[in-house]
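Novice: sequence plus the predicted model coming up.
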Amino acid sequence: MACPLTLAGRPVHETLDRQTTKLARQLVRSFAEEIPIYRRLPREELDGDITRITEDNLRLISRMFRDGRPPTRAELAPLRSSSARRAREGVPLDDLLNAYARGARMVWEHLFAAATPADFEDVLAANRLILVYTQAVTGAVCTAYLEERESMLSHEQHTMHATVSALLAGDSAALAGVRLARRYLVLAVAAGRHADEDSDEPGGSIAGRRKLHRITTALRRHAAEPVLSVLDTTGGLVLVPCGPLDGRLAHVGEMAAATRADMSKAAGVPVWVAAELAPPAGVPAAAKLAEEVLEVVRLFQRPPGAYRLADVLLEYQLTRSSEATAALAGLLDPLLDNPDLLRTLKVYLDTGLDRRRSASLLHVHPNTVDYRLRRAVSLTGLDPVDPAHLQRIGAALAARRRLGLDWLDA
């Protein structure tokens, strides 16, 4: 065992032991004066738990000065427990670390302010031990704090997922005692990939988690009450609590558009949402419809935006399965051996029957577009210039998408 550190011939740890109670109170008073979050703590907590853990720290430093060694894991246990409590109370980690650093500095100044050149070796050894103390305490405090926060977040997420699952299942028993909003803006969400997600592991997964965190943070800004969500890096379902005046159709669209825009801006990726408004009992049907509308939006390659059923009525109806679906898709089967014809027909419809713009997008001469269209008409008997035929071609393309027979695969 190393010899105890001394100052003016007296063991430093004995000096510290005699002053532990008084010095702890001075330190806590300094925390309350200099660190904002400590000013907001109740007096009984400052005089109780905060003072006790400060005394534990002083005794720990005293033992280090006495024995000349780093703190053991057992000796750091009270600090880890205290850090976990501060995490549950919502004390910011930087304020917590600030208190430990401030305390170590004040102890040093208090004990060694009167040191003389004769104490140089012991002062130097004490300085090294203070640095060891700071390193050990920082690691223990940060680990315990972050583990507690992760546990809290995991519990919050589990509770949130359980609530969403109960809402979707209409399980009133599971929702007993859960405070629900009067109504929810139900959002089916699809999020594009961030460029960083395409990097090699683990960078890709880290970028995905960061993107998801930015999206959930943006969502929390849109409601005074907790937003319920079940999301991964590609999207999912979000339930935004709404007030009594949020039921107007125009307002619902505005809310959905604003929420989508914030998610997209925060995440730095394109975002698509389909929105419906519903009371808690109507969430299952609203979620199903929103997911179906989002599927139609992505199927028809609509640009990023906020959509409601009214925005895709025709497309939605065309993609509902029926006995006619396969027959509609089969109307374009004669073009399967001529993928250029099918591609040209699709682009021609997408451009509003504009042959020059179609030619530009296809990188061919307008005359080539005319030739391909004539060939498509001769093979299928469907002429896009004829309004009745145009509807059938559009329905046939929609049916092919519905059956997974996308025109790009032809």
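Specialist: That came through, no problem.

Novice: can you show me the strands along the chain?
Specialist: 6-7, 10-11, 183-191, 228-232, 235-242, 271-278, 306-307 (DSSP state E).

Novice: who does the fifth one pair up with?
Specialist: Going back to what we said before, that points to strand 235-242. strand 183-191 (antiparallel), strand 228-232 (antiparallel) (DSSP bridges).

Novice: out of the ones you listed, which gets nearest to residue 286?
Specialist: strand 183-191 (4.2 Å; C-beta to C-beta). C-beta coordinates here come from the backbone N, C-alpha and C atoms, glycine included.

Novice: quick one on the thing from earlier: so of the strands paired with strand 235-242, which one's packed in deepest?
Specialist: Ranked by mean neighbour count, the strands paired with strand 235-242 are led by strand 183-191 with a mean of 25 (mean count of other C-beta atoms under 10 Å).

Novice: hmm, back to that, mean pLDDT and distance to residue 114 for the strands of the chain - can I get that in a markdown table?
Specialist: A markdown table is the format used below for the strands of the chain (pLDDT from 0 to 100; distance: least, C-beta to C-beta, whole Å):
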| stretch | mean pLDDT | distance to residue 114 |
| --- | --- | --- |
| strand 6-7 | 80 | 8 |
| strand 10-11 | 86 | 11 |
| strand 183-191 | 93 | 63 |
| strand 228-232 | 87 | 60 |
| strand 235-242 | 90 | 61 |
| strand 271-278 | 94 | 64 |
| strand 306-307 | 95 | 70 |
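
Novice: dump these to TSV, plus distance to residue 324.
Specialist: Formatted as TSV, the strands of the chain follow (distance: least, C-beta to C-beta, whole Å):
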stretch	distance to residue 324
strand 6-7	95
strand 10-11	95
strand 183-191	26
strand 228-232	35
strand 235-242	31
strand 271-278	25
strand 306-307	25
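
Novice: can you tell which of the ones you listed is closest to residue 255?
Specialist: Closest among these, using C-beta to C-beta: strand 183-191, at 5.6 Å.

Novice: neighbours of the closest residue to residue 34 other than its chain neighbours, how many?
Specialist: Of all residues not flanking residue 34 in the chain, residue 102 sits nearest, at 6.9 Å (C-beta to C-beta, 6 or more residues apart in numbering). Here the number of neighbours of residue 102 (other C-beta atoms under 10 Å) works out to 15.

Novice: if I look at residue 316, how far off is residue 196?
Specialist: 34 Å (C-beta to C-beta, to the nearest Å).

Novice: which of the two has more neighbours?
Specialist: residue 316 (20 against 14).

Novice: and the more buried one, how far from residue 308?
Specialist: From residue 316 to residue 308 the distance is 11 Å (C-beta to C-beta).

Novice: now the common contact residues for these two.
Specialist: residue 293 (C-beta atoms under 8 Å, 6 or more residues apart in numbering).

Novice: if we can go back for a sec, residue 151 is nearest to which of the strands paired with strand 235-242?
Specialist: Closest among the strands paired with strand 235-242, once you apply C-beta to C-beta, is strand 228-232, at 19.6 Å.

Novice: so how far is that closest one off the chain centroid?
Specialist: 9 Å (C-alpha atoms, centre = their mean, to the nearest Å).

Novice: how about stretch 370-380?
Specialist: 50 Å.

Novice: so which bits of it are buried?
Specialist: Going by neighbour count (16 or more other C-beta atoms under 10 Å), the buried part of stretch 370-380 is 372, 373, 375, 376, 377, 379, 380.
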